[in-house]
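Colleague: Following is a predicted model, sequence given first.
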Amino acid sequence: MNKHSNLLYLLIRDFLTVYLPKQKTASSHTIKSYKQTLNLLIDYTKEVMGFPIMKIDFETFTRNHLENFLDWLETTRGCTVSTRNQRLATLKSFYTYASNRDVVAVPYAQEIYKIPVKQSEKTNDFKYFSEDVLKLILEQPDVSRRK
C-alpha cells in the first residue's frame, strides 16, 4: 500500500466513523448510504477496472473514472438518474471533507466538482382519478358525524 492509498482509506474511515456521525450528526441511514456508495466505487475500480485494491488512491479517481462509474451505475446496475445523482452528491461530500483534511485531495476535488448533476427526462404523464372514482371516494366519509 502506498502513502496515498493509505491516506485515501484513512480519510474514508474518518469520514464514515467520525465526521458524519459525530460532527455532522448524520442519520444511520445516511451513513449507510454513503458507505455503500464508497464501497461500490472501490468494488467498481477493483473488479470492473482491474485495479488492485492496495493501489487505489486519489489519482485513481479521475473525473473520467468517476463519470464512467456513474454511467456504470445506470447501465449495469440499473440505477435511476436520481440514484446516480445521489451517489455523485456523496462523492462530492467526501471530496469536500478530504480536501479540508489534506491538501493532497484538493486538485481531485476540483475535478469532481465539475461533474454535473444529470437531468432526468421530465414526463407529464399524470394520472388522474376518473370522475366516477373521485365521486366514490368523496362519498366514503360519513358527513353526518363530526369525526
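Modeller: Everything's here; your move.

Colleague: So for L10, what's the pLDDT?
Modeller: Note for L10: predicted pLDDT of 95.

Colleague: tell me which element it is part of?
Modeller: Assigned by DSSP states H and E, L10 falls within helix 3-14.

Colleague: centre of the chain versus that helix, how much separation?
Modeller: 19 Å (CA atoms, centre = their mean, to the nearest Å).

Colleague: Check which element follows that helix along the chain.
Modeller: Downstream of helix 3-14 (by DSSP H and E), the next one is helix 28-43.

Colleague: Report the backbone C-alpha coordinates of that next one in CSV.
Modeller: Only the C-alpha atoms of helix 28-43 are listed here, as CSV (Å, rounded to 0.1, in the frame of the first residue of the first chain):
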residue,chain,number,x,y,z
SER,A,28,-27.5,6.0,10.4
HIS,A,29,-29.3,5.7,7.1
THR,A,30,-27.3,8.5,5.5
ILE,A,31,-24.0,6.9,6.8
LYS,A,32,-25.1,3.5,5.4
SER,A,33,-25.9,5.1,2.0
TYR,A,34,-22.5,7.0,1.9
LYS,A,35,-20.6,3.8,2.9
GLN,A,36,-22.4,1.8,0.2
THR,A,37,-21.5,4.4,-2.4
LEU,A,38,-17.8,4.4,-1.4
ASN,A,39,-17.8,0.6,-1.4
LEU,A,40,-19.4,0.5,-4.8
LEU,A,41,-16.8,2.8,-6.2
ILE,A,42,-14.0,0.7,-4.8
ASP,A,43,-15.6,-2.5,-6.0
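
Colleague: which residues touch it?
Modeller: With contacts defined as CB atoms under 8 Å, 6 or more residues apart in numbering, helix 28-43 is touched by 12, 15-16, 20-21, 26, 53, 56, 61, 66, 69, 73, 86-87, 90-91, 93-94. In this view, the C-beta of every residue, glycine as well, is placed from N, C-alpha and C.

Colleague: Now stretch 61-75: average pLDDT?
Modeller: Rounded mean pLDDT across stretch 61-75 is 95.

Colleague: So for it, what gets flagged as buried?
Modeller: 61, 65-66, 69-70, 72-73 (16 or more other CB atoms under 10 Å).

Colleague: Mind checking which of the residues you listed land in helices?
Modeller: Among these, the ones falling in helices (DSSP state H) are 65-66, 69-70, 72-73.
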